[in-house]
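1. whatever this is, show me its structure:
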Amino acid sequence: FLGKKKMQTGMWNPHMKPYIADTLLDTHIVDLDQTLPMLRTALDYLKAVAEADGVILFVGTRPQFESIVRKGAVRCGEYFVTHRWVGGTLTNCMEVCAANLFKKDSLSVCLS
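-> Numbering: from 1, shown residues only. You can find the predicted model right below:
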């Protein structure tokens, strides 16, 4: 049983509908038969990135996940974000960095 609290209409991405098996007590039940193979594919991809010395960004902006994300990233020697970030950080990284919205040590993420 893996679920997520049901969001109000318009607050959840309708593209997720095929992956929701059912709704129980206002909680979306995720279809694990579809999720498990996709997680394995994602893990294989991350393994290939790590083996090629690529950069992996760990992201978890909810307070309950902050320590888990931080510890995992530090253990792997990777970057992490545990607080709400500026919109466009990934899609417009150079512009966000140029606007000095990051601390100096964070610029290395944009420039690498």
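2. separation between the spatially closest residue to Glu78 that is not a sequence neighbour and Val81?
-> With sequence-adjacent residues excluded and distances taken as CB to CB, 6 or more residues apart in numbering, Glu78 is closest to Ile56, at 4.7 Å. (Glycine included, C-beta is placed from N, CA and C.) Per CB to CB, to the nearest Å, Ile56 is found 12 Å from Val81.
3. which helix in the protein runs the most residues?
-> helix 32-51 (DSSP state H).
4. burial count for the residue nearest to Glu78?
-> When counting by other CB atoms under 10 Å, one arrives at 14 neighbours for Ile56.
5. give me the distance between it and Gly87.
-> Distance, Ile56 to Gly87, by CB to CB: 22 Å.
6. same deal with Ile68?
-> Ile68 sits at a distance of 24 Å from Gly87 (criterion: CB to CB).
7. give me the more crowded residue out of these two.
-> Between Ile68 and Gly87, counting by other CB under 10 Å, Ile68 is the more crowded of the two (12 against 9).
8. what's the helix or strand for that one?
-> Per DSSP states H and E, Ile68 falls inside helix 66-76.
9. who does that helix touch, helix- and strand-wise?
-> Judged by 3 or more CB pairs under 8 Å, 6 or more residues apart in numbering; DSSP states H and E, the packing partners of helix 66-76 are strand 57-59, strand 79-81.
10. output those strands as a markdown table; include the columns mean neighbour count, distance to Lys47 and mean pLDDT.
-> Output for the helices and strands packed on helix 66-76, formatted as a markdown table (neighbours: other CB atoms under 10 Å; distance: least, CB to CB, whole Å; pLDDT from 0 to 100):
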| stretch | mean neighbour count | distance to Lys47 | mean pLDDT |
| --- | --- | --- | --- |
| strand 57-59 | 15 | 15 | 87 |
| strand 79-81 | 17 | 18 | 86 |
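11. having no further points to raise, I will conclude here.
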